[in-house]
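>>> Have a look at this fold, sequence not included:
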């Protein structure tokens, strides 16, 4: 049995979208599997510093900048994120001197063969995300990392990453996503996210705008009396990536006050953008991908792109369980600058409602990859957003079909 074979046999809720499994979900079973691993490594070596990153928008990029900045202090950093764009190995990378590196397949296989295969039935009950979380914990320990960044999945209180017992919790922006599981309001979602605070948490970090707009969850968050809240002013930057970079830098300056001068020397341009976030996939025409997948994020991303592109095409996809009507309405904020709006509605993706605006005649719908080809053969920039799963489709078209 190989690592990827075993992984792909796990129940993958991200893929099936069967969120009903969370109705009676607890971390008890996973903890029974996880606890022996934690005890084993605790006896072997000093534990690395761990940060949990939770929220609705900006988790991935904030995690990326935390990892890259920490590595600029001479630390070896492990970063655990989800979902992946092309390979599941993207989910547990090693960061050195500001650069994330995919784990070497031989090292991944060695970890699996030596530490999982001898007792594989012990892990057989785990889901795709649960198993990856336990595996990444082992992998980072074997790599002797000094620092670990753990991006939570969709939750917090019941998220598998809670079991890593993070030293610090960083909250990003809260939006209405996965409301059926997390709650119908931003307040209840925020409360659920903050449930990731554990017994070892030393501090909570949050943006000023979240604390101001959602005061109740912060007045009653877990272990408030022993886990101080550090409120960080929201950086007034037009680019959400630069704003998240500055947020990550301020968090690390508070964690490592003696390293503040070194951290201040690192500029936004010194750190590579996180893959898949406002990523330029091609230059002629300009094709930019971002995984914004809820109304708040879609609106922010399109308005940001519109500031520098007077006319552009938008290609948007969404999984069926998302707020497709809300995403459609968010796109209309940039209606005047949209040459066309193409909804990708291929197999497994949702069907968007028809916008009832002057944009309607410029709305296209595509269900086959060949229908997208004309979009990439012009000269007008294209903004691609709405789903991580669209990344591979577009990247493949650019590489193998579109002649730039």
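Sure thing, it's come through. Predicted model only: the values in this text are computed from it and were never measured.

>>> ok so residue 42 is a helix residue?
Yes: under the criterion used here (DSSP: H, G, I helix; E, B strand; the rest coil), residue 42 sits inside a helix.

>>> can you offset everything so residue one is 652?
Happy to do that; since the first residue is 652 now, the last one works out to residue 693.

>>> Now the closest residue to residue 923 other than its chain neighbours: phi and psi?
Leaving aside its sequence neighbours, residue 923 sits nearest to residue 750 (CB to CB, 6 or more residues apart in numbering; 6.7 Å). Where C-beta positions appear, they are placed from N, C-alpha and C, glycine not excepted. Phi and psi for residue 750, reported as degrees, to the nearest 10, are phi -120, psi 120.

>>> OK, contacts around residue 750?
719, 722, 923 (CB atoms under 8 Å, 6 or more residues apart in numbering).

>>> for the record, mean pLDDT for stretch 846-860?
For stretch 846-860, mean pLDDT rounds to 95.

>>> And for stretch 1018-1028, what's in contact with it?
Stretch 1018-1028 is contacted by residues 933, 936, 938, 964, 966, 991, 993, 995-998, 1017, 1033, 1044-1045, 1047-1049, 1052-1053 when judged by CB under 8 Å, 6+ apart.

>>> So for the residue nearest to residue 923, what's the pLDDT?
So, for residue 750, pLDDT stands at 96.

>>> Is residue 989 in contact with residue 1011, as I believe?
No: look at residue 989 against residue 1011 with CB atoms under 8 Å: they stay out of range, at 11.5 Å.

>>> Of those two, give the one with the bigger neighbour count.
The neighbour comparison of residue 989 against residue 1011 (other CB atoms under 10 Å) goes to residue 989, with 20 against 10.

>>> so how far is residue 862 from that one?
35 Å (CB to CB, to the nearest Å).

>>> Please apply the same query to residue 778.
Distance, residue 778 to residue 862, using CB to CB: 33 Å.

>>> quick one: secondary structure of the spatially closest residue to residue 956 that is not a sequence neighbour?
Leaving aside its sequence neighbours, residue 956 sits nearest to residue 1034 (CB to CB, 6+ apart; 5.0 Å). Counting by three-state DSSP, the backbone at residue 1034 sits in strand.

>>> what number of residues lie near residue 1034?
Count around residue 1034 with other CB under 10 Å applied: 25.

>>> Could you grab the helix/strand/coil label for residue 676?
Of the three states, residue 676 takes coil according to three-state DSSP.

>>> Touching stretch 909-924 from outside, list them.
Taking CB under 8 Å, 6+ apart as the rule, stretch 909-924 contacts 716, 719-720, 723-724, 749-751, 892-893, 896-897, 900, 903-904, 907, 930.
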